[in-house]
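Undergrad: Fold the following and give me the result.
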Amino acid sequence: MASNPALRTVRAALTATAVTALVGAAMPFHHAAADPVLPPNASDALKKYNELSMQAEALNEEHLRAQEALGTAQGALDQANRDLAGAQQAQEALRGQVDLLTEASFEGARFNQLSALLVSDSQQDFLNRMSALGVLAGGNAEALQGLSDAVNQANDAAHRATEAAGAANQAIIDIDQRKIALDGQITDARNAYRSLSASERASLNAAGDMSAIPVPAGQAGQALAFALAQRGKSYVYGSNGPNTWDCSSLMQAAYRTAGISIPRTTYGQATIGRSVSRNEVRAGDLVIYYSGQTHVSMAIDGIRAVHASTEGVPVKVQDIDSIGPISVIRRVVG
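TA: The predicted model follows:
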């Protein structure tokens, strides 16, 4: 049969570049990342580096967030394709059934109530023939209704998928722009880092407390043990380990070793588990910072946390409150 016009529209819209994701409205930019504690006499160069690195990590997390949304929407669009294919198959089958029943009904129209009476051998035979005519008419009506429903469902799915494809194309443009902004910001931060004095770079590169730190039993303790074992490793924007990390990838990998799957981004990590107050913090809790929720650390106890700070600063232990203003604290286990 001829293709439904709405289906043709969807097939044209769901191109390789369109099958991506719905990120929606542009996400706001936030000044937020770990803030290495600056000395009172910090130079202008160090202050500039700190500001630029904070901006770069915020952009990095937003770019990761967009990529995560792409993957989610990919699945939704794939499902739309499957739904459309199923609706098209249903239309084909029902249309064939309708065609057969319509033809049979046309032939049956010649065999009316009078004809049934004249050719019947008995009253029961007449009733049987009349029942067959009724079944034929009812089946045709049911098949026609089924075909109509299938066409409507396919048209609705086509409309939704076409809208999704258009939004996905816009999302691709938005993500590309974010990547360009991120790359530029990283370059600026690295240039600022190179302008620092040797002593300032040495201070930033200090690994801090590398002593053995006990962890509690259980999955939270396992995650914390992994995070602590990464102390001294470098921060790299967007890195997923195992030799370099960014803040949220370290948290994700730490809980993965404990058999728990958590989101890749700080935004996602800010929604898992349950919220606890600052006074309730215990080992393994995720501490999310800044109003934009763009940095995360893992609590060691009620005072200290381990985190991947920013490029030029290794994974290290730091006072929980010195890292930045706390947005929310999430307990993943318990």
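
Undergrad: show me where pLDDT drops low in the chain?
TA: 1-40, 91, 93-148, 150-151, 166-167 (pLDDT under 70).

Undergrad: the strands in it, which residues?
TA: For the chain, strands defined by DSSP state E occupy the ranges 234-235, 244-245, 274-275, 286-289, 295-299, 304-307, 316-319, 326-331.

Undergrad: Of all those, which one is nearest S195?
TA: Relative to S195, the nearest member of those by CB to CB is strand 234-235, separated by 18.7 Å. From N, CA and C alone the C-beta is placed, and that goes for glycine too.

Undergrad: what are the pairing partners of the closest one, and which direction each?
TA: strand 244-245 (parallel) (DSSP bridges).

Undergrad: Got the domain ranges for this structure?
TA: With automatic domain parsing as the criterion, the domains of the chain are listed as 5-194, 210-331.

Undergrad: hmm, back to that, is it possible to export the strands of the chain to CSV including distance to Q222 and mean neighbour count?
TA: Compiled in CSV, these are given as follows (distance: least, CB to CB, whole Å; neighbours: other CB atoms under 10 Å):
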stretch, distance to Q222, mean neighbour count
strand 234-235, 23, 20
strand 244-245, 17, 22
strand 274-275, 19, 10
strand 286-289, 15, 26
strand 295-299, 12, 27
strand 304-307, 14, 24
strand 316-319, 18, 18
strand 326-331, 15, 18
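
Undergrad: May I see those arranged in JSON lines, with distance to A76 as well?
TA: Converted to JSON lines, those look like this (distance: least, CB to CB, whole Å):
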{"stretch": "strand 234-235", "distance to A76": "33"}
{"stretch": "strand 244-245", "distance to A76": "30"}
{"stretch": "strand 274-275", "distance to A76": "28"}
{"stretch": "strand 286-289", "distance to A76": "27"}
{"stretch": "strand 295-299", "distance to A76": "27"}
{"stretch": "strand 304-307", "distance to A76": "33"}
{"stretch": "strand 316-319", "distance to A76": "39"}
{"stretch": "strand 326-331", "distance to A76": "26"}
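
Undergrad: Of all those strands, which one comes closest to E68?
TA: strand 295-299 (14.6 Å).

Undergrad: quick one: L77 from T162, how far?
TA: Distance, L77 to T162, using CB to CB, to the nearest Å: 11 Å.

Undergrad: swap that for R274, please
TA: Distance from R274 to T162, by CB to CB: 40 Å.

Undergrad: Let me see the contact set for the residue nearest to S197 when sequence neighbours are not counted.
TA: Distance criterion CB to CB, 6 or more residues apart in numbering; nearest residue to S197, sequence neighbours excluded, is S43 at 7.1 Å. If you count contacts by CB atoms under 8 Å, 6 or more residues apart in numbering, S43 has them with L196, S197, E200.

Undergrad: The residue lying closest to the last one once chain neighbours are set aside - how many residues pack around it?
TA: In space, not counting the residues next to it along the chain, E200 is nearest to L46; the distance is 5.2 Å by CB to CB, 6+ apart. By the measure other CB atoms under 10 Å, the count of residues near L46 is 22.

Undergrad: just checking, L46 touches R201?
TA: No - the pair L46 and R201 does not pass the contact test of CB atoms under 8 Å, sitting 9.5 Å apart.

Undergrad: hmm, back to that, distance check, the residue nearest to S197 against A192.
TA: 11 Å.

Undergrad: For S203, the count of nearby residues, please.
TA: S203, neighbours per other CB under 10 Å, totals 17.

Undergrad: ditto for A198
TA: A198 - counted by other CB under 10 Å - has 7 other residues nearby.

Undergrad: quick one: it from N205, how far?
TA: 10 Å.

Undergrad: what's the answer for Q67, then?
TA: Remark: distance between Q67 and N205 (CB to CB) = 29 Å.
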